[in-house]
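K.L.:
Everything below, folded, please.
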Amino acid sequence: MDKKDIKKLLERYLADECTDAERAIVEDWYNRQHSEAPHDIPAAEIEADIAAIKKELPQPSARRRFVNLRYHAAAAIVIIGIGVWIVQPRFFNKLEDAPLAVIDENDILPGGNRALLTLADGTAILLDDKPVGKIAQEGNNIVYKNADGELVYRRSDGPPSEVRANEFHRITTPRGGQCQLTLPDGSQVWLNAESAIRFSANNSGDERIVELTGEAYFEVARDANRPFKVITGKQVIEVLGTHFNVNSYPNEPVVRTTLVEGSVKVSEKSETRSVVLKPGQQASIGDQRRLTVHDVSVADAIAWKNGMFSFNDSNIESIMRQLSRWYDVEVEFEGNKPEFKLWGEVYRNVKASEALEILSFFNLNYRIETVNGVKKIVISG
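P.N.:
Down below sits the predicted model:
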């Protein structure tokens, strides 16, 4: 039995697609293994154990649904390096048996909808606590906040005002913030933490240009006559109408553009090379500014938009950079930084302590400190 079979077996469990017999056997296996420290169980022993279980499992005759415990469970699901899923202890607890949560005063709440809108005249508007309705107007451009907290640009019905080429708006999310908006052309944007976009507020000109720092997911309104361009520090992405994600944080070693549907053209900033992506492909460019293309999991690339952290062959530094941005906290390593890779998912709507439980499976310890009002996560082996 290879690793793919093991993974499929447990993926069926996590998706509530197991038979009653499969569910009982998988939970029994977990409970027996959890009596030992997960990292102390040899890989061969785990695979042999699950292979024996596999022989006992009847083939499911039809898809069955059970009460989904994932939403009552703690945050982390991980795959250790040998490819076997290890689920954190509380995953299998019945809801009524779960202990009451203990709130640590040093714990850190997850991020939320927080952003700053800067108008063309320099007016800065903090959007966090603005009520639903009209937020600002500049010329014929009106900015609304809807009941879901999304910003929406609309044109007023009055006589057109003078169009100025330099009417740019900027939306910035802080660490621990995110924002969803509809641009003046109807395109939708989801902006991740510690990110910013700059765009023309009057929706004029032969091109629709957005400048991006950080990470954003785009669903671009089709307009065959006006290409939509996203400009980052290392890439230029050109589309007519499509869905894609761009990760372009200054402190990340690689800029990544992932195509969800449609087609995009990605160019190096120097315009020496360009590629046209197909859905499921990712264009990346690193410090050496060489553009490469890979097939990737779209679900992983846009997990943040759907309320998840998704780690796929990620090192601890990459993971902690993501957590640092979302929880608005500094990260410090004591001793040598671990070099192994992690796979798994963590919900973004949980406290930092719950998200960090993923580390306990790898003999890593963490603590949250508060010094002079500033919170910090310290990681040690």
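
K.L.:
Grab the nearest non-local neighbour of the most centrally placed residue in the chain.
P.N.:
With distances taken as CA atoms, centre = their mean, Trp304 lies nearest the centre of the chain, 1.9 Å away. Of all residues not flanking Trp304 in the chain, Asn192 sits nearest, at 5.6 Å (CB to CB, 6 or more residues apart in numbering). (Each C-beta comes from the backbone N, C-alpha and C, glycine too.)

K.L.:
which residues does the one you found contact?
P.N.:
Taking CB atoms under 8 Å, 6 or more residues apart in numbering as the criterion, Asn192 is in contact with Thr173, Gln178, Gly214, Glu215, Ala216, Trp304, Lys305, Arg325.

K.L.:
Check these and tell me the two furthest apart.
P.N.:
Lys305 and Arg325 (14.4 Å; CB to CB).

K.L.:
Could you say which helix or strand holds Ile319?
P.N.:
Element membership of Ile319 [criterion: DSSP states H and E] is helix 316-327.

K.L.:
So which elements touch that helix?
P.N.:
strand 308-315, strand 330-334, helix 352-355, strand 374-380 (3 or more CB pairs under 8 Å, 6 or more residues apart in numbering; DSSP states H and E).

K.L.:
Check which strands are paired with the second one and give the direction for each one.
P.N.:
Strands that pair with strand 330-334, judged by DSSP bridges, come out as strand 374-380 (parallel).

K.L.:
Go ahead and measure how far the strand it pairs with is from the middle of the chain.
P.N.:
Using CA atoms, centre = their mean, to the nearest Å, the mean C-alpha position of strand 374-380 is found 22 Å from that of the whole chain.

K.L.:
got a list of contacts for it?
P.N.:
Counting by CB under 8 Å, 6+ apart, the neighbours of strand 374-380 from elsewhere in the structure are 106, 108, 316, 320, 323-324, 327, 329-335, 352, 356, 359, 364-370.

K.L.:
Buried only: go through those residues for me.
P.N.:
108, 316, 320, 323-324, 327, 329, 331, 333, 352, 356, 359, 364, 366, 368 (16 or more other CB atoms under 10 Å).

K.L.:
Now do the domain split for the chain, please.
P.N.:
3-97, 112-300, 309-380 (automatic domain parsing).

K.L.:
and those domains, which one is worst for confidence?
P.N.:
Looking at the domains of the chain, the lowest mean pLDDT belongs to domain 3-97 (a mean of 48).

K.L.:
Return the distance of the closest residue to Asn146 other than its chain neighbours relative to Ala136.
P.N.:
Using CB to CB, 6+ apart and skipping residues adjacent in sequence, the residue nearest Asn146 is Val152, 5.9 Å away. In this structure, Val152 lies at 12 Å from Ala136, with CB to CB, to the nearest Å as the measure.

K.L.:
what do you get for Ser195?
P.N.:
Ser195 sits at a distance of 20 Å from Ala136 (criterion: CB to CB).

K.L.:
out of those two, which sits in the busier spot?
P.N.:
Here Ser195 and Ala136 are set side by side on neighbour count (other CB atoms under 10 Å), and the busier one is Ser195, at 27 against 18.

K.L.:
residues contacting the nearest residue to Pro174 once chain neighbours are set aside?
P.N.:
Leaving aside its sequence neighbours, Pro174 sits nearest to Arg114 (CB to CB, 6+ apart; 5.8 Å). When contacts are counted by CB under 8 Å, 6+ apart, Arg114 touches Leu127, Asp128, Thr173, Pro174, Gly176, Gly177, Gln178, Cys179.

K.L.:
switch to 6 Å and redo it
P.N.:
Residues touching Arg114, when contacts are defined by CB atoms under 6 Å, 6 or more residues apart in numbering, comprise Asp128, Pro174, Gly177.

K.L.:
Got a ChimeraX select line for the buried ones in the residues you listed?
P.N.:
Those of the contacts of Arg114 that count as buried under 16+ other CB under 10 Å are selected in ChimeraX with:
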select :174,177
